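S.K.: Test case, fold it:
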Amino acid sequence: MTPELKNKIIAVCDQKIAQKGDNVGLSFYAFFANKNDNPVLLMEAATWWIATHQFDHFEKAAKIKALVQTE
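M.R.: You can find the predicted model right below:
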């Protein structure tokens with residue numbers, strides 16, 4: 001995982017947890033704007049989320065953050 005994606009995931013998880021609490025779920029789309037402005041990073045996130053970890057569409061932000069911090 002690139003440092004850019006890792007930092008983005010952690011920041012978004014922190015933001016979502018602060019807004020909605022520890023039990024908030026998110027999908028990998030939460031890391032991107034509604035438009036596809038960085039297709040390479042989007043594909044990296046999708047590959048990590050779907051192919052590498054086989055996560056469901058929504059996962060707990062705290063779980064994702066903890067996993068990313070250990071990689």
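S.K.: those strands in the protein, which residues are they?
M.R.: 25-26, 59-60 (DSSP state E).
S.K.: Just name the most buried of those strands.
M.R.: Counting by mean count of other CB atoms under 10 Å, strand 25-26 has the highest mean neighbour count of these, with a mean of 18. Just so you know, the C-beta spots here come from the backbone N, C-alpha and C atoms, and that holds for glycine as well.
S.K.: And for that one, what's in contact with it?
M.R.: Here strand 25-26 makes contact (CB atoms under 8 Å, 6 or more residues apart in numbering) with 12-13, 16, 58-61, 64.
S.K.: What is the neighbour count of the closest residue to residue 55 other than its chain neighbours?
M.R.: Of all residues not flanking residue 55 in the chain, residue 49 sits nearest, at 5.3 Å (CB to CB, 6 or more residues apart in numbering). Neighbours of residue 49 under the rule other CB atoms under 10 Å: 20.
S.K.: what's the answer for residue 63, then?
M.R.: By other CB under 10 Å, the residues close to residue 63 number 12.
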